[in-house]
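Visitor: Quick one: sequence and predicted model below, then my questions.
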Amino acid sequence: MPALWIAHVTVTDEDAYGKYAKLAGPAIAKHGGAFIARGGRYVQLEGKERPRNVVAKFPSVEAAEACYHSPEYQEALSHARGASERELLIVETSE
């Protein structure tokens, strides 16, 4: 079953986070992920508001999780740590 990788982010250091974004995209694509929403317009209805919201679709929960733990994504993530506050989750779709 396909899965969605959903990130809610507040960027605190634009330069460092830019390095993350530059490396994260190729790492996500390498694991079969494709962005379906990336920082677009949103309406916060409940919970903590984060100004950047990203959704990527993967072939499976396992593919999304493998991406997160991959050396390529972990290298990207090293630039996001300390440069953002974020929540990230993977959810299986019903397709």
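Guide: Looks like it came in fine.

Visitor: going forward, measure contacts and count neighbours with C-alpha atoms only.
Guide: Will do.

Visitor: can you give me the offset of stretch 10-30 from its chain's centre?
Guide: Mean C-alpha position of stretch 10-30 versus that of the full chain (CA atoms, centre = their mean, to the nearest Å) differs by 9 Å.

Visitor: How about that stretch, which residues are buried there?
Guide: Residues 11, 16-20, 23-28 are the ones in stretch 10-30 that count as buried (16 or more other CA atoms under 10 Å).

Visitor: May I have stretch 36-46 exported as CSV, CA atoms only?
Guide: Presented in CSV, the C-alpha positions along stretch 36-46 are these (Å, rounded to 0.1, in the frame of the first residue of the first chain):
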residue,chain,number,x,y,z
ILE,A,36,2.6,16.1,-3.7
ALA,A,37,2.6,19.2,-1.5
ARG,A,38,5.6,21.3,-0.6
GLY,A,39,5.2,24.5,1.3
GLY,A,40,2.0,25.6,-0.4
ARG,A,41,-1.0,27.5,1.0
TYR,A,42,-2.7,25.9,4.0
VAL,A,43,-5.4,26.4,6.6
GLN,A,44,-4.6,25.4,10.2
LEU,A,45,-7.7,24.1,11.9
GLU,A,46,-6.2,22.3,15.0
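
Visitor: dump the residue contacts of residue 60.
Guide: 1-3, 92 (CA atoms under 8 Å, 6 or more residues apart in numbering).

Visitor: at 7 Å what do you get?
Guide: Counting by CA atoms under 7 Å, 6 or more residues apart in numbering, residue 60 makes contact with 1-3.

Visitor: Mind checking the pLDDT average for stretch 62-81?
Guide: What stretch 62-81 shows for mean pLDDT is 97.

Visitor: can you list contacts of it?
Guide: For stretch 62-81, the external contacting residues (CA under 7 Å, 6+ apart) are 5, 16-17, 19-20, 23-24, 27-28, 31, 58.

Visitor: In strands only, show me the contacts of residue 60.
Guide: Residues of the contacts of residue 60 located in strands (DSSP state E): residue 3.

Visitor: Having no further points to raise, I will conclude here.
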